[in-house]
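In: below: sequence and its predicted model.
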Amino acid sequence: MLRFILRRLFQSLLVLGVVFTATFFLIRLKPGDPFSGEKAMPASVRAQMEKRYGLDLPVWKQYFVHAAAFARGDLLPSLRYEGVPNAKIIADSFPVSLVIGLSALTIAIGVGLPAGIVAALRKNTWLDYSAMSLAMLGICLPTFVMGPVLQWIFGLKLGWLNVAGWFERSDWILPSATMGLIYAAYIARLTRGGMLEVLNQDFIRTARAKGVPGRQIVMGHALRGGLLPVVAFLGPAFAGITTGSFIIEKIFQLPGLGQHFVGSVFNSDYTLVQATTVFYAALLVLINLGTDILQAWLNPRVRLT
Amino acid sequence: MSASSLTPLAALPRGRSLRQDAWARLRKNRLAMVCGVVLAGVVLLCYGGPLFCSYRIEAQNLDMGATPPSAQHWFGTDEAGRDLLVRVLTGGQVSLNVGALATLVSLIIGVAYGATAGYLGGRVDSVMMRVVDVLYSLPFMVFVILLTVAFGRSMMLLYLAIGAVEWLTMARIVRAGVQAQARQEFVEAARSLGLSDARIIFRHIVPNVLGPVIVYTTLTVPAVMLLEAALSFLGLGVQPPQSSWGSLIDQGAKSMETYPWLLAIPAAFFSLTLFCFNFVGDGLRDAIDVKSSKD
């Protein structure tokens, strides 16, 4: 187990190296540079700025300077928000994304799991059909349709919540619900499939023959196996929720990390692009590791090697 | 034994191939069939419809502005007085093109990669699949965005970038199927006849794993269209005056308070199409893959 974790962590460092390198060169292929904003800069100021941030060096030298800094854990200052450390930008904006992401995940699991279990237990009844049709609707409604619709209903028509922004305590509800309900749909489908698979197996029949009460069969025996596909999905789901936050944050005008990522790409803010991308990748790598460990714990047949 | 005691061949119940079986099962799935028909209708409408429209996508009428659906403009007009019907239909062409081409790219990469890994096996296989594992753990949306800004906003590149990140699952599916086939006698027979590896893989093995590939392809199309729409929504996809369903929804969402039809109509088309693709994919899976059709 420990060997597995160590090996995966080593592998993760390689992944982060690849991500850093790819990002470094891709963003420099984009036409334009960090100082070509709306206002034209005098050439002398520009030269000074480039010198200060080391942009006058040849690209390969810049690569090694930046790589060394990132390896030390120094995410460098932003080029566009002059002198503000990227680490501070991430520290300020990521909590917003995290609150939205975690509450969306909670909604997704809280709605999706029970719906999937009920649909599996009442297979081919109206309950099953209506739950699964709703789930399919959730999968087909993209966040950027669901979001505006929820804004319209709860913000404009009913006036219960703010349409957009990040000012009041209740402002997390609409964005989290938008994203949570869509992932609830995927989770409901996976739960139903997983539960049906398990409920058909011999050990369930044995338990039933022994006279184990139905509730205990479902909660104690079937759920553990039935959850496997759901747990396997949580990694990609979290990835989708963090990267999907670009769109959610645009719809609801939230000051989260996604906005900084998209903004920095548009502005050619090289160091900020690198910092956010590496940050996202590190987050994903950790989540995937956590998912694998959780899967091994749920299913003894999965061997971590 | 007289000839008359033999049952004439024509009277025997005809055997059914697996493909016919699958088709029969699909035919019985009414929802999937209806979705297939609707899908065909949407495709026909998007590609054929604009030929019969008297308005051009970029033709503006600023005096008129946004008007609700009427007899002249069935879907109404947007703020610049452009006819929404023709914009939704041509936007559909863009979205469907992206769906088809990006899926094709992911199909080609995924099948070639997965088949090679599964057939060769051993060390090559484990290295190739480890690469897939690593790619899985990348924030791929980030890379699609970086790819689209790095190489300019050409549509072709958008297809390639999306296809290049969507092939991973396909590779896994194909590899699993090929691995199961590669140890069978007919492959050994082909090898003993001196056929090349490439010929064995693509002529003899790949056709046997087509079932799951077809199913997953049908499910990739809506995923890809969703990705393109998300990019267009962020302003990274198709550029004006061209429009896709994603960019129309983006514009519609901005003015949904005053002109709700600008959001409702493109969103309805987009969601309906995704809905149908998903149900056809599910139906195909139940029809082709007997094992998973229990549920």
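Out: The structure has been received and is ready for your questions.
In: ok, residue B:244 - contacts?
Out: B:91, B:94-95, B:98, B:228-229, B:232, B:237-238 (Cβ atoms under 8 Å, 6 or more residues apart in numbering or on different chains). Just so you know, the C-beta spots here come from the backbone N, C-alpha and C atoms, and that holds for glycine as well.
In: do you know the pLDDT at the residue nearest the centre of chain B?
Out: Taking Cα atoms, centre = their mean as the criterion, residue B:221 is the residue nearest the geometric centre of chain B, at 2.0 Å. In this model, residue B:221 is scored at 84, pLDDT.
In: tell me the secondary structure at it.
Out: Recorded secondary structure, residue B:221: helix (DSSP: H, G, I helix; E, B strand; the rest coil).
In: the contacts of residue B:244 also near chain A: which ones?
Out: residue B:229 (Cβ under 8 Å from any Cβ of the partner chain).
In: whichever of the contacts of residue B:244 end up buried, select them in PyMOL.
Out: Restricted to buried positions by 16 or more other Cβ atoms under 10 Å in any protein chain shown, the PyMOL selection for the contacts of residue B:244 reads:
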select buried, chain B and resi 91+94+95+98+228+229+232+237+238
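In: which one of the contacts of residue B:244 is nearest to chain A?
Out: Closest approach to chain A among the contacts of residue B:244 (Cβ to the nearest Cβ): residue B:229, at 6.1 Å.
In: so how far is residue B:236 from the closest one?
Out: From residue B:229 across to residue B:236, the span is 11 Å (Cβ to Cβ, to the nearest Å).
In: sorry, back to before: got the contact list for the residue nearest to the centre of chain B?
Out: So residue B:221 contacts B:99-100, B:103, B:277 (Cβ under 8 Å, 6+ apart).
In: just the ones of those in helices?
Out: Among those, the members falling in helices (DSSP state H) are B:99-100, B:103, B:277.
In: ok, back up a step: CSV please, covering the contacts of residue B:244 and showing distance to residue A:1, secondary structure and pLDDT.
Out: Converted to CSV, those look like this (distance: Cβ to Cβ, whole Å; DSSP: H, G, I helix; E, B strand; the rest coil; pLDDT from 0 to 100):
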residue, distance to residue A:1, secondary structure, pLDDT
B:91, 52, helix, 82
B:94, 50, helix, 84
B:95, 47, helix, 84
B:98, 44, helix, 83
B:228, 42, helix, 82
B:229, 42, helix, 83
B:232, 45, helix, 81
B:237, 44, coil, 73
B:238, 49, coil, 74
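In: now the contacts of residue B:244 in JSON lines, with distance to residue B:143?
Out: Shown next, in JSON lines, are these (distance: Cβ to Cβ, whole Å):
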{"residue": "B:91", "distance to residue B:143": "25"}
{"residue": "B:94", "distance to residue B:143": "22"}
{"residue": "B:95", "distance to residue B:143": "21"}
{"residue": "B:98", "distance to residue B:143": "17"}
{"residue": "B:228", "distance to residue B:143": "15"}
{"residue": "B:229", "distance to residue B:143": "18"}
{"residue": "B:232", "distance to residue B:143": "17"}
{"residue": "B:237", "distance to residue B:143": "15"}
{"residue": "B:238", "distance to residue B:143": "19"}
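In: and the residue nearest the centre of chain A?
Out: Centroid-nearest residue in chain A: residue A:242, 2.4 Å away (criterion: Cα atoms, centre = their mean).
In: okay but residue A:54 is in contact with residue A:64, surely?
Out: No: applying Cβ atoms under 8 Å as the test, residue A:54 and residue A:64 come out as separate, 10.7 Å apart.
In: who's more crowded, the two?
Out: More crowded of residue A:54 and residue A:64, by other Cβ atoms under 10 Å in any protein chain shown: residue A:54, with 13 against 10.
In: just the buried subset of the ones in helices among the contacts of residue B:221, please.
Out: Buried residues within these, counting neighbours by 16+ other Cβ under 10 Å: B:99, B:103, B:277.
In: from those residues, which single one is nearest residue A:109?
Out: residue B:277 (26.4 Å; Cβ to Cβ).
In: grab the nearest non-local neighbour of that closest one.
Out: Closest residue in space to residue B:277, ignoring its immediate chain neighbours: residue B:222 at 4.2 Å, by Cβ to Cβ, 6 or more residues apart in numbering or on different chains.
In: ok, now which ones touch that neighbour?
Out: Residues counted as contacts of residue B:222 (Cβ under 8 Å, 6+ apart) are A:140, B:99, B:273-274, B:277-278, B:281.
In: returning to that earlier point: pLDDT and distance to residue A:98 for the ones in helices among the contacts of residue B:221 - can I get that in TSV?
Out: As requested, the ones in helices among the contacts of residue B:221 are exported to TSV (pLDDT from 0 to 100; distance: Cβ to Cβ, whole Å):
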residue	pLDDT	distance to residue A:98
B:99	85	33
B:100	87	37
B:103	88	34
B:277	83	33
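In: for those, work out which two are farthest apart.
Out: Spatially, the most separated pair among the ones in helices among the contacts of residue B:221 is B:100 and B:277, at 11.3 Å (Cβ to Cβ).
In: where does chain B have low pLDDT?
Out: B:1-18, B:51, B:53-68, B:70-77, B:79-81, B:137, B:152-153, B:240-241, B:289-295 (pLDDT under 70).
In: helix or strand with the lowest mean pLDDT in chain A?
Out: helix A:43-52 (a mean of 73; mean pLDDT, DSSP states H and E).
In: which positions within that helix qualify as buried?
Out: A:49-50.
In: following it, which helix or strand comes up?
Out: Downstream of helix A:43-52, the first helix or strand assigned by DSSP states H and E is helix A:59-72.
In: quick one: mean pLDDT over the next helix or strand after that next one.
Out: Downstream of helix A:59-72, the next assigned helix or strand under DSSP H and E is helix A:86-121. Here helix A:86-121 scores 85 as its mean pLDDT.
In: buried set for the helix or strand that comes right after helix A:86-121?
Out: Along the chain past helix A:86-121, the next helix or strand (assigned with DSSP H and E) turns out to be helix A:126-140. Neighbour counts over helix A:126-140 (16+ other Cβ under 10 Å) mark A:128, A:131-132, A:134-136, A:138-140 as buried.
In: now swap in stretch A:145-154 and tell me
Out: Within stretch A:145-154, the residues scored as buried using 16+ other Cβ under 10 Å are A:145-152, A:154.
In: low-confidence stretches in chain A?
Out: Ranges of chain A meeting pLDDT under 70: A:36-41, A:239, A:243-244, A:300-305.
In: enumerate the residues of the stretch 51-200 of chain B near chain A.
Out: Contact residues, the stretch 51-200 of chain B versus chain A (Cβ under 8 Å from any Cβ): B:134, B:136-143, B:145-147, B:149-152.
In: again, only this time at 6 Å
Out: Counting by Cβ under 6 Å from any Cβ of the partner chain, the stretch 51-200 of chain B comes close to chain A at B:134, B:137, B:139, B:141-142, B:145-146, B:149-150.
In: just the ones in helices among the contacts of residue B:221 now: which is nearest residue B:211?
Out: Once Cβ to Cβ is applied, the member of the ones in helices among the contacts of residue B:221 that ends up nearest residue B:211 is residue B:103, at 16.9 Å.
In: for that closest one, what are its contacts?
Out: Contacts for residue B:103 were tallied using Cβ atoms under 6 Å, 6 or more residues apart in numbering or on different chains; they are B:220-221, B:224.
In: 8 Å - rerun?
Out: Counted by Cβ under 8 Å, 6+ apart, residue B:103 has contacts B:163, B:166, B:217, B:220-221, B:224.
In: cool, and residue B:101?
Out: Contacts of residue B:101 (Cβ under 8 Å, 6+ apart): B:159, B:163.
In: measure it to residue B:109 for me?
Out: Residue B:101 sits 13 Å away from residue B:109, going by Cβ to Cβ.
In: do a quick rundown of the helices in the stretch 151-295 of chain B.
Out: For the stretch 151-295 of chain B, helices defined by DSSP state H, counting those that start in this stretch occupy the ranges B:155-165, B:168-182, B:185-192, B:197-199, B:210-233, B:245-254, B:261-288.
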